[in-house]
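Colleague: Predicted model follows, preceded by the sequence.
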Amino acid sequence: MSDQTLERLKLDQIVKHYRQGDQVLEVLSGASMTLYSGEIVALVGPSGSGKSTLLHIAGLLEKPDEGRIEIGGQETQALSDRDRTAIRRRRIGFVYQYHHLLPEFTALENLVVPQMIAGLKRRKAAEHARELLKLVGLGERMEHRPARLSGGEQQRVALARAIINRPSLVLADEPTGNLDPETADSVFGLLEKLVQGTGVAAMIATHNLELARRMDRVLLVEDGQLVQG
Ligand SMILES: Nc1ncnc2c1ncn2[C@@H]1O[C@H](COP(=O)(O)OP(=O)(O)OP(=O)(O)O)[C@@H](O)[C@H]1O
């Protein structure tokens with residue numbers, strides 16, 4: 001099997017309810033999808049349709065009420081919380097609308113920390129972080145804290161952080177939602193460049209339909225299900 005056909009994420013008949021007072025809200029009612037190596041897929045749908053919920057479930061941050069999740073061919077339902085965390089750390093990179101960088105740390109340190117948590121020595125981690133920061137165009141800004149970076153630069157660091165431990169899956173929730181159209185475009189271009197040829201698969205929730213059209217596929221959350229757009 002070629003790398004391009006490897007399953008990175010499989011969601012099968014995912015059901016998720018939330019309780020709101022006496023009411024039960026069914027957000028996902030049998031959502032299924034498969035994401036293959038090398039694909040960048042857009043996740044679209046109206047506000048409140050369940051995009052973030054789906055990403056949280058795919059990223060093993062939340063459990064569904066029903067359904068199966070496979071990450072890289074591995075079933076996850078029966079795993080302990082500890083094993084779920086291990087998969088999340090090793091295999092999944094997250095990007096959010098707000099960068100979630102550590103504010104007291106420089107751009108460089110923000111990339112060093114997750115690598116050290118994954119077991120790398122500081123020197124090796126710093127070397128790798130420098131290389132990646134140069135690649136994302138921040139070679140001159142490595143020692144800046146997030147507050148001293150522009151919104152676009154912060155998201156470039158956040159993207160670099162998401163892929164620094166070489167995940168096989170990147171999940172992004174409105175990664176360009178806070179950016180002006182031109183910066184959004186360049187941040188998305190960077191994401192494309194970073195995952196191209198690496199075999200990483202990415203699923204990106206967005207309200208930006210122009211951006212969604214540039215991706216390999218569009219999935220629409222509609223009535224709790226996923227429909228090919
Ligand atoms: N922890 C929670 N408890 C109760 N209800 C929740 C919870 N999380 C989400 N919801 C509800 O589930 C629905 C789906 O929310 P979700 O954030 O997944 O939508 P979304 O498509 O990502 O929206 P947006 O585009 O506005 O970010 C919403 O009605 C929301 O209020």
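Modeller: Structure's in. What do you need? Residues are numbered from 1 along each chain as shown.

Colleague: for the ligand, what are the nearby residues on the protein?
Modeller: With Cβ under 6 Å from any ligand atom as the criterion, the chain meets the ligand at residues 18, 20, 25, 27, 45, 47, 48, 49, 50, 51, 52, 53. Glycine gets a C-beta too; all of them are placed from N, C-alpha and C.

Colleague: What segments of the chain are helices?
Modeller: With helices called from DSSP state H, the chain shows them at 51-58, 81-91, 107-117, 122-135, 151-163, 181-195, 209-213.

Colleague: related to what we said a few turns ago, can I get the residues of the chain next to the ligand in TSV with neighbour count and pLDDT?
Modeller: Shown next, in TSV, are the residues of the chain next to the ligand (neighbours: other Cβ atoms under 10 Å; pLDDT from 0 to 100):
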residue	neighbour count	pLDDT
18	12	95
20	8	86
25	12	93
27	22	96
45	19	96
47	6	94
48	11	94
49	19	96
50	28	96
51	24	97
52	18	96
53	20	97
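
Colleague: Which two of those have the greatest separation?
Modeller: 20 and 45 (19.4 Å; Cβ to Cβ).

Colleague: re earlier: what's the least confident stretch among the helices of the chain?
Modeller: Set side by side, those differ in mean pLDDT, and helix 181-195 is lowest with a mean of 89.

Colleague: Give me the buried positions along that helix.
Modeller: 183, 184, 185, 186, 187, 188, 190, 191, 194, 195 (16 or more other Cβ atoms under 10 Å).

Colleague: Spit out the contact partners of the spatially closest residue to the first one that is not a sequence neighbour.
Modeller: Taking Cβ to Cβ, 6 or more residues apart in numbering, and ignoring the residues beside it in sequence, residue 183 has residue 152 as its nearest neighbour in space, at 3.9 Å. Taking Cβ atoms under 8 Å, 6 or more residues apart in numbering as the definition of contact, the neighbours of residue 152 are 179, 183, 186, 187.

Colleague: Look up how far residue 66 lies from residue 152.
Modeller: Plainly put, residue 152 is 40 Å away from residue 66 if you go by Cβ to Cβ, to the nearest Å.

Colleague: same deal with residue 229?
Modeller: Residue 229 is 24 Å from residue 66, where distance means Cβ to Cβ.

Colleague: out of those two, which sits in the busier spot?
Modeller: Between residue 229 and residue 66, counted using other Cβ atoms under 10 Å, residue 229 has the larger neighbour count: 17 against 13.

Colleague: Provide the partner residues of the most centrally placed residue in the chain in its beta bridges.
Modeller: Nearest residue to the geometric centre of the chain (Cα atoms, centre = their mean): residue 171, 1.8 Å. On the basis of DSSP bridges, residue 171 is bridged to residue 94, residue 203.

Colleague: That one reaches residue 61, doesn't it?
Modeller: No. In this structure residue 171 lies outside contact range of residue 61 using Cβ atoms under 8 Å: 9.2 Å.
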